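Take a look and give me a structure for this.
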Amino acid sequence: MEHIAHYASPLGGITLAGTGEALTGLWFDGQKYFGASLSEVQTGQTLPVLEQTKRWLDCYFSGTEPDFMPPLAPKGTPFQQEVWALLREIPYGRTVTYKAVAERIAAGRGLPSMSAQAVGGAVGRNPISILIPCHRVLGSTGSLTGYAGGVERKAALLRLENAG
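Here you go, the predicted structure:
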């Protein structure tokens with residue numbers, strides 16, 4: 001069973017979901033694929049992982065790179081998990097392209113290439129926004145393409161991190 005909590009961010013309401021062990025979801029309220037991975041949900045119980053995530057978000061939205069990470073357990077396919085693991089390696093304040101992520105996956109699998117569109121699909125379905133930094137992935141020309149929480153929020157998160 002997952003428990004949910006809410007967080008008021010400078011960019012709008014955020015819903016958090018977690019089990020007793022890990023964070024399983026973090027979505028801007030109303031974003032695309034909002035809550036798609038949620039199973040049976042209960043509200044009202046404060047979980048340590050949700051409180052830890054709120055502290056992480058407080059730090060992040062104050063403009064400081066958090067020096068800790070709550071335990072994460074996103075639900076997804078093996079391919080999505082592979083993509084999300086690579087997203088977690090993108091340093092704070094840095095960006096990469098969908099193509100670069102696709103090239104890393106292809107190289108890791110010993111393939112000549114990988115579809116950047118397939119990577120984009122996995123990035124777009126990331127159930128733990130911000131902490132798994134899908135906002136740090138850009139189009140091949142550096143364009144702010146695709147963000148389930150909205151391109152305006154993606155731009156705001158990158159500005160917050162002074163990304164470039």
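
What distance do you get for Ala107 to Ala116?
For Ala107, the distance to Ala116 under the criterion Cβ to Cβ, to the nearest Å works out to 14 Å. C-beta here means a position set from N, CA and C on the backbone, and glycine is covered the same way.

So these two - more neighbours on which side?
Ala116 (19 against 12; other Cβ atoms under 10 Å).

my read: the more buried one touches Ala102, true?
Yes. Contact criterion Cβ atoms under 8 Å: Ala116 and Ala102 qualify, at 4.5 Å.

residues in contact with Arg88?
For Arg88, the contacting residues are 72, 132-133, by Cβ atoms under 8 Å, 6 or more residues apart in numbering.

Try it again at 7 Å.
Contact criterion Cβ atoms under 7 Å, 6 or more residues apart in numbering gives Ile132 as the residues in contact with Arg88.

in what helix or strand does the residue nearest to Ser129 when sequence neighbours are not counted lie?
Distances taken as Cβ to Cβ, 6 or more residues apart in numbering put Leu26 closest to Ser129, at 5.2 Å, once the chain neighbours are dropped. Leu26 is part of strand 23-28 when elements are defined by DSSP states H and E.

now that strand, how far from the centre of its chain.
Strand 23-28 has its average C-alpha position 8 Å from the chain's average C-alpha position, going by Cα atoms, centre = their mean, to the nearest Å.

Which strands or helices does that strand pack on?
With contacts defined as 3 or more Cβ pairs under 7 Å, 6 or more residues apart in numbering; DSSP states H and E, the secondary structure elements packing on strand 23-28 are strand 12-18, helix 48-61.

Now render these as JSON lines, adding mean pLDDT and mean neighbour count.
Listed next are these as JSON lines, based on pLDDT from 0 to 100; neighbours: other Cβ atoms under 10 Å:
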{"stretch": "strand 12-18", "mean pLDDT": "94", "mean neighbour count": "21"}
{"stretch": "helix 48-61", "mean pLDDT": "97", "mean neighbour count": "17"}
